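A.B. asks: Got a predicted structure plus its sequence, pasted below:
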Amino acid sequence: MAPLFDWGAKESHRGTPVVVKMENPNWSMVELEGPSEDDFLISETPGSTRDKGRGKNAKQLTWVLLLKAHRAAGCLTSIAPALAGLGAAVRRRLTSGRTDTDTDIDNEISGGREKENPTVKSRFYSCIKVFLWLSLILLGFEVAAYFKGWHFGAAHLQLQYLWATSLGVKGIFEWVYSRWVLFRVEYLAPPLQFLANVCTVLFLIQSLDRLVLCVGCFWIRFKKIKPVPKEGALDLESGEKGFFPMVLVQIPMCNEREVYQQSIGAVCNLDWPKSKLLIQVLDDSDDPTTHLLIKEEVEKWQQEGANIVYRHRVIRDGYKAGNLKSAMNCSYVKDYEFVAIFDADFQPTPDFLKRTVPHFKDNEELGLVQARWSFVNKDENLLTRLQNINLSFHFEVEQQVNSVFINFFGFNGTAGVWRIKALEDAGGWLERTTVEDMDIAVRAHLHGWKFIFLNDVECQCELPESYEAYRKQQHRWHSGPMQLFRLCLPDIIRAKISVWKKFNLIFLFFLLRKLILPFYSFTLFCIILPMTMFVPEAELPEWVVCYIPATMSFLNILPAPKSFPFIVPYLLFENTMSVTKFNAMISGLFQLGSAYEWVVTKKSGRSSEGDLVALLEKEPKHQRGVSVPNLAEMKEEIRQQEKKASKKKHNRMYTKELALAFLLLTASARSLLSAQGIHFYFLLFQGVSFLLVGLDLIGEQVG
């Protein structure tokens, strides 16, 4: 679209006036947008011999200064309300007085297992508190030493050491400080530097892995590599010829009243012969109202001719794995060749099966076809934007590269189609971990089955909008793989697969991406870096603190280029989440109580009502099975229950994140004394990031 006004000529040193040209004189109302600073630069007329860089006249300088002042005033006026809102949110958090150490009545612990010992649970937090108090004491010492004229530059370290070991120390403070310098040089600096070097090596290995994955993704794009089904597998035009095997569709859910309608409606609209499609709604809900609502929804679609059945378990043994295992034990499952799985918030497009199932034709070694996720609420808040960056890299880079080059990746638990024979050959669904999807994928891979990832087939779903829900989800996603690694390691070693596949599973799939990544992220940037501020004899170079993390963040954000403005918040937030991931990794590796937690991720269901209305408008025949008064009554009942539940909801303060925030901010204050620029800025912004997350000021605001 052409601009409304064209600053066709710029005022030059000859005094040529600014020309304003209106492109559309018929518009009755226009918004005049002033010139930019560049429009007031001096431009030479054709044939002029004057230097282009000669000064501006007084009028032009005045305009430039006014523009800068206007922009500065606009920034200042926007900062004030933002700070006021931030202060109000902080006051609400502090007055609520609720932290993540309080009893959480919403947590669901695995049946028959005891909750985690409070002593074990608080041990990690206690260590951080020790570091915090120690850092505050050391900061006091360093500030006092600084004002006494004892400088902390790198050139003075040797002199400082010689001074500390001299015999002419006078005064109690001088003696204590000299003993501290001697102690850190002799005993603290060597092991700290060694640990820093080890974590740096792990960091470089993991960064190299990311770089190789990105190169592989670039090669796939450059060569336009794409999985293609066999010729004649499906005639998408007529839909009469092609490959139409018997397909079972499963929708496992538990107390997910916000999204059950849209998921059931989307699956019932799949474009597949009804005689060759059966839909199982696997309901584990223990809420009577939700149970009745889901059952009634299934009955409505049955009246419309959908081949759909409802299964409800009273006892939720094994959670999702137990639910799927129970459904696969039905006698009629033997009549079906493939099974598609969709979680309750997933909405497949009508052509989903036509774009996935044909890949199985004449490919007897193929066990799984996985589709990519897309998100209906990726722009809802900062938290969902950052999740979108992470998951875009996961699907487009990690899953796609592993699919193309080694035919293996971790099953995502939903939006995938399995060959039932592959599931049975791998031993079926097991309830031994909280990542049953990864478990079945590893066992199927050990039995020789291949996987395909389709980057161009998307299935819409929902991202967690609150930090509490996201935190619980990430805990399960990072503790489960460590549980699985302990259980699968003997099987991987004994498996009759190539050495390369064993190396990929043990080192790349489990150790590097599931254990080393959260370990070095937390240890290097949240513990070692602030400690080097108080033990300057051990140091981390600038390229470890700034340049490589910035490069890796840039690579991670490439699959979601529209999120480029969030590259700095993304880097800081990933380091902040390393606390949760590290804690989860330790829980899973050492089989602590929290490793068995399974909390259903909270769904907002923002689009569920709109999707239902659109479905009713698009398919008038479905109105015959929907009673309007009954639908209104159900909605009113849901609103009343949500209103009661909202009174109990609070944003919480997270003690681990807050403790680390103060530790990092204290270390940033110490870095000022030694004038370490990049280290100071990193510690400052990372500390602020921990503070905002610790006060739950990211994501959905509850109260």
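C.D. replies: Great, that's in hand.
A.B. asks: How many residues are close by residue 521?
C.D. replies: Residue 521: 23 surrounding residues under other CB atoms under 10 Å. All C-beta atoms are positioned from the backbone trio N, CA, C, and that covers glycine.
A.B. asks: Does anything pack onto the helix or strand where it lies? Which helices or strands?
C.D. replies: Assigned by DSSP states H and E, residue 521 belongs to helix 517-522. Here helix 517-522 touches helix 189-223, helix 567-589, going by 3 or more CB pairs under 8 Å, 6 or more residues apart in numbering; DSSP states H and E.
A.B. asks: could you say what helices and strands the last one packs with?
C.D. replies: Put plainly, it is helix 567-589. Partner elements for helix 567-589 (3+ CB pairs under 8 Å, 6+ apart): helix 382-393, helix 467-494, helix 517-522, helix 548-557, helix 655-673, helix 677-694.
A.B. asks: out of these, nearest to residue 343?
C.D. replies: Nearest to residue 343, of all the helices and strands packed on helix 567-589, is helix 467-494, at 12.0 Å by CB to CB.
A.B. asks: rewinding a little: tell me which of the helices and strands packed on helix 567-589 lies nearest to residue 146.
C.D. replies: The nearest among these, by CB to CB, is helix 655-673 at 4.9 Å.
A.B. asks: which strands and helices sit next to that closest one?
C.D. replies: By 3+ CB pairs under 8 Å, 6+ apart, helix 655-673 packs against helix 118-147, helix 529-534, helix 567-589, helix 677-694.
A.B. asks: What are the buried residues along the third one?
C.D. replies: What that stands for is helix 567-589. 569-589 (16 or more other CB atoms under 10 Å).
A.B. asks: related to what we said a few turns ago, lowest average pLDDT across the helices and strands packed on helix 567-589?
C.D. replies: Of all the helices and strands packed on helix 567-589, the minimum mean pLDDT falls on helix 655-673 (a mean of 86).
A.B. asks: what's the angle from it to helix 677-694?
C.D. replies: Computed by axes from the mean of the first three to the mean of the last three CA atoms, to 10 degrees, the angle separating helix 655-673 from helix 677-694 equals 160 degrees.
A.B. asks: Show me the shaky parts of the stretch 151-300 of the chain.
C.D. replies: In the predicted model, the stretch 151-300 of the chain carries pLDDT under 70 at residues 151-171, 232-242.
A.B. asks: what packs against the strand ranked longest in the chain?
C.D. replies: Longest strand in the chain by number of residues (criterion: DSSP state E): strand 450-461. Contacts defined by 3+ CB pairs under 8 Å, 6+ apart place strand 450-461 against helix 352-356, strand 366-375, helix 400-406, helix 436-446.
A.B. asks: Could you measure from residue 283 over to residue 473?
C.D. replies: Distance, residue 283 to residue 473, using CB to CB, to the nearest Å: 21 Å.
A.B. asks: more neighbours, these two?
C.D. replies: Using other CB under 10 Å, the more surrounded residue of residue 283 and residue 473 is residue 283, with 24 against 18.
A.B. asks: Quick one: residues contacting the residue nearest to that one when sequence neighbours are not counted.
C.D. replies: Once flanking residues are discounted, residue 283 sits nearest to residue 312: 4.6 Å by CB to CB, 6 or more residues apart in numbering. By CB atoms under 8 Å, 6 or more residues apart in numbering, the contact list for residue 312 reads 283-285, 291, 295.
A.B. asks: could those residues be laid out in JSON lines, adding distance to residue 485?
C.D. replies: Shown next, in JSON lines, are the contacts of residue 312 (distance: CB to CB, whole Å):
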{"residue": "283", "distance to residue 485": "32"}
{"residue": "284", "distance to residue 485": "27"}
{"residue": "285", "distance to residue 485": "32"}
{"residue": "291", "distance to residue 485": "36"}
{"residue": "295", "distance to residue 485": "39"}
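A.B. asks: Now, of these, which are buried?
C.D. replies: 283-285, 291.
A.B. asks: Make JSON lines out of these and add secondary structure.
C.D. replies: What follows is these, written out as JSON lines (DSSP: H, G, I helix; E, B strand; the rest coil):
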{"residue": "283", "secondary structure": "strand"}
{"residue": "284", "secondary structure": "coil"}
{"residue": "285", "secondary structure": "coil"}
{"residue": "291", "secondary structure": "helix"}
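A.B. asks: of the residues you listed, closest to residue 401?
C.D. replies: Taking CB to CB as the measure, residue 401 lies nearest residue 284 of the buried ones among the contacts of residue 312, at 34.9 Å.
A.B. asks: wait, the closest one sits on residue 253?
C.D. replies: Yes - Residue 284 lies in contact with residue 253 (CB atoms under 8 Å); the separation is 7.0 Å.
A.B. asks: before we move on, back to that, what is the orientation angle of the longest strand of the chain with helix 189-223?
C.D. replies: Using the same axes, to 10 degrees, strand 450-461 lies at 90 degrees relative to helix 189-223.
A.B. asks: contacting residues for residue 206?
C.D. replies: Contacts for residue 206 (CB under 8 Å, 6+ apart) come out as 512-513, 516-517, 520.
A.B. asks: rerun at 10 Å
C.D. replies: 512-513, 516-517, 519-521, 552 (CB atoms under 10 Å, 6 or more residues apart in numbering).
A.B. asks: Can you get me a residue count around the nearest residue to residue 427 once chain neighbours are set aside?
C.D. replies: In space, and not counting its chain neighbours, residue 427 is closest to residue 443: 5.8 Å by CB to CB, 6+ apart. Neighbour count for residue 443, taken as other CB under 10 Å: 21.
A.B. asks: Tell me who's in contact with residue 443.
C.D. replies: Contacts of residue 443 by CB under 10 Å, 6+ apart are 422-423, 425-428, 430, 449, 484, 488, 491, 495.
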